[in-house]
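Structure of the sequence below:
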Amino acid sequence: QVQLVESGGGLVQAGGSLRLSCAASERTFGDLPMGWFRQAPGKEREFVAGISWNGGSTYYADAVKGRFSISRDSAKNTVSLQMNSLKPEDTAVYYCAASRAKIAIPRSPLMVGSWGQGTQVTVSS
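Residues are numbered from 1 along each chain as shown. Modelled structure (predicted):
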């Protein structure tokens, strides 16, 4: 199982930006599609963004399209989420995720094989 450690969360005003990073423990990271999910208080964990194993394909939830960008650096075993034009409704704990399967980008929690511990993002109005 891949171990994942997120960093970069914090408090930001609406309209601001944050960059989240996720470091993976194993070289097998390079073969796995990755994703970011988030969970707000009282809500289910939801998909935010995903990227294929080679970075060639990316997917975004409608709520973040045009504002967030996911990328990966396989040489460093890291995946990042650049978040711009943040809104109060983006407030949540953000989780890095590695897919169960080598083919499918994880767009549902059921598709995730490994989770990070989560990092809090708070956007004030």
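
For S71, which non-adjacent residue is closest in space?
S80 (5.2 Å; Cβ to Cβ, 6 or more residues apart in numbering). In short, each C-beta sits where N, CA and C put it, glycine included.

what are the pairing partners of the helix or strand where the one you found lies, and which direction each?
S80 belongs to strand 78-83 when assigned by DSSP states H and E. Strand 78-83 has its sheet partners listed here by DSSP bridges as strand 18-24 (antiparallel), strand 68-73 (antiparallel).

picking that back up, tally of neighbours for the residue nearest to S71?
19 (other Cβ atoms under 10 Å).

Quick one, which of the strands paired with strand 78-83 gets closest to S124.
strand 18-24 (12.4 Å; Cβ to Cβ).

Please work out which residues outside that closest one touch it.
Strand 18-24 is contacted from outside by 2-10, 12, 34, 36, 76-83, 86, 94, 96, 98, 116, 119, 121, using Cβ atoms under 8 Å, 6 or more residues apart in numbering.

Show me what the residue most central in space within the chain bridges to in the sheet.
Nearest residue to the geometric centre of the chain (Cα atoms, centre = their mean): W36, 2.1 Å. Beta bridges link W36 to A49, C96 when assigned by DSSP bridges.

Pretty sure it sits against V93.
No: here W36 does not reach V93: they are 11.1 Å apart, not a contact under Cβ atoms under 8 Å.

For this protein, which segments are assigned as strands?
For the chain, applying DSSP state E gives strands covering 4-7, 10-13, 18-24, 34-39, 46-51, 58-60, 68-73, 78-83, 92-99, 112-115, 119-124.

could you dump the first one to PDB, C-alpha only?
Translated: strand 4-7. The C-alpha atoms that make up strand 4-7 are tabulated as PDB, following Å, rounded to 0.1, in the frame of the first residue of the first chain:
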ATOM      1  CA  LEU A   4       0.700   9.400   1.200                       C
ATOM      2  CA  VAL A   5       1.500  12.600   3.100                       C
ATOM      3  CA  GLU A   6      -0.300  15.900   2.300                       C
ATOM      4  CA  SER A   7       0.900  19.400   3.000                       C
END
